[in-house]
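Peer 1: heads up, no residue letters with this:
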């Protein structure tokens, strides 16, 4: 769960900066925790080791830069 809450908090921080709530509160105030559903995956991950070592591939974006671009795209598309 550590990874999911990190991502949720990161998105809230970006929204707080780019599209603040009218009441001045952080979007983090809207996060609620619910019990895991049956069959819930505990981890989602991609291991890019093979593509990096065999092909010399490197990602162009870090998570941090990519998530900012993604949130900006959604804001432009749906809030615009």
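Peer 2: Great, that's in hand. As the structure is a prediction and not an experimental result, all values here were calculated from the model. Residues are numbered from 1 along each chain as shown.
Peer 1: list the buried ones in stretch 67-80?
Peer 2: The neighbour-count check on stretch 67-80 (16 or more other CB atoms under 10 Å) flags 67, 68, 71 as buried. From N, CA and C alone the C-beta is placed, and that goes for glycine too.
Peer 1: what's near enough to touch residue 57?
Peer 2: 48, 51 (CB atoms under 8 Å, 6 or more residues apart in numbering).
Peer 1: tell me the secondary structure for the residue located most distally from the centre of the chain?
Peer 2: For the chain, the residue at maximal distance from the C-alpha centroid (CA atoms, centre = their mean) is residue 54, at 28.3 Å. The three-state label for residue 54, taken from DSSP: H, G, I helix; E, B strand; the rest coil, comes out as helix.
Peer 1: That one and residue 10, how far apart?
Peer 2: 31 Å (CB to CB, to the nearest Å).
Peer 1: now residue 27
Peer 2: Distance from residue 27 to residue 10, by CB to CB: 11 Å.
Peer 1: any idea which element residue 71 lies in?
Peer 2: helix 63-78 (DSSP states H and E).
Peer 1: Which elements pack onto that helix?
Peer 2: Using 3 or more CB pairs under 8 Å, 6 or more residues apart in numbering; DSSP states H and E, the elements in contact with helix 63-78 are helix 2-18.
Peer 1: which residues touch the helix it packs on?
Peer 2: 26, 27, 28, 30, 31, 43, 64, 67, 68, 71, 72, 75.
Peer 1: and what of stretch 24-31?
Peer 2: Counting by CB under 8 Å, 6+ apart, 5, 8, 9, 11, 12, 13, 15, 16, 21 sit against stretch 24-31.
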